[in-house]
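# quick one, structure for this:
(2 chains)
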Amino acid sequence: KQEVTQIPAALSVPEGENLVLNCSFTDSAIYNLQWFRQDPGKGLTSLLLIQSSQREQTSGRLNASLDKSSGRSTLYIAASQPGDSATYLCAVLPYNNNDMRFGAGTRLTVKP
Amino acid sequence: DGGITQSPKYLFRKEGQNVTLSCEQNLNHDAMYWYRQDPGQGLRLIYYSQIVNDFQKGDIAEGYSVSREKKESFPLTVTSAQKNPTAFYLCASSRLQQGISGANVLTFGAGSRLTVL
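Below you'll find the predicted structure:
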């Protein structure tokens, strides 16, 4: 059964720093991997989706990489801002079903 | 604007009561999902539906029921059989996967927080 782990559980950085969030998954048979942002008490917003055949995706200051063979993905945030403070979740879609598996998330705080 | 609407945003339930959470989407998505989120845990799938009048259990379906009478609507009922229903409930929708190169971008609603008194 696919397990998704995110490390660290929480991260606090000063404004302007570049940072990396980590996601690992146990089964490499995936269709895609998504990174989401969740603000407190809100739903999830999709940030980036990486297909299984891709190595990375970029959107603005965000860059997500995927190493399927090692079961890892990273989300790189450049020049962090206080508005980036939120919980970031990664999720993988297994190859053989529609049951997307989520990590518990990394709670990011960017201090002014 | 297209999107997913969940209601109510906050709901309080007494012991032994059934409650129903609403989820409506106008994205013309075929698939709809219900997830439960507890502090410090990832989202867990309760039920999902890929087509009208059909749905499948997820990992934690016990104590919950759903219906899919219309493509746009996928209500979730939390029954009295659910022993620990206090949680944040999220509804999502997506286009169906289409082969190995298909995408399955989930669009989420804003969530409903259920508290048992």
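# hey, let's count contacts and neighbours off CA atoms from now on
Will do.
# which one is the most centrally placed residue in chain B nearest to, not counting chain neighbours?
In chain B, the C-alpha nearest the mean C-alpha coordinate belongs to residue B:34, at 2.2 Å (CA atoms, centre = their mean). Closest residue to residue B:34 apart from its sequence neighbours, by CA to CA, 6 or more residues apart in numbering or on different chains: residue B:91 at 4.6 Å.
# then residue B:88?
Take residue B:88 and drop its neighbours on the chain: the residue closest to it by CA to CA, 6+ apart is residue B:113, 4.5 Å away.
# now the one helix or strand the one you found maps to: average pLDDT?
Assigned by DSSP states H and E, residue B:113 falls within strand B:112-116. Strand B:112-116 shows a mean pLDDT of 94.
# over to stretch A:70-77?
In this model, stretch A:70-77 has a mean pLDDT of 97.
# so what's the residue nearest to residue B:88 up against?
For residue B:113, the contact set (CA atoms under 8 Å, 6 or more residues apart in numbering or on different chains) comprises B:9, B:10, B:11, B:86, B:87, B:88, B:89.
# before we move on, what's the pLDDT of the fifth one?
When you say that, I think you mean residue B:87. 95.
# then the third one?
At residue B:11, the predicted lDDT confidence score is 93.
# show me what from chain A comes close to chain B.
A:31-32, A:34, A:41-46, A:49, A:51, A:98-99, A:101-105 (CA under 8 Å from any CA of the partner chain).
# buried ones among these?
A:31-32, A:34, A:42-46, A:49, A:51, A:98-99, A:101-105 (16 or more other CA atoms under 10 Å in any protein chain shown).
# no more questions from me, cheers.
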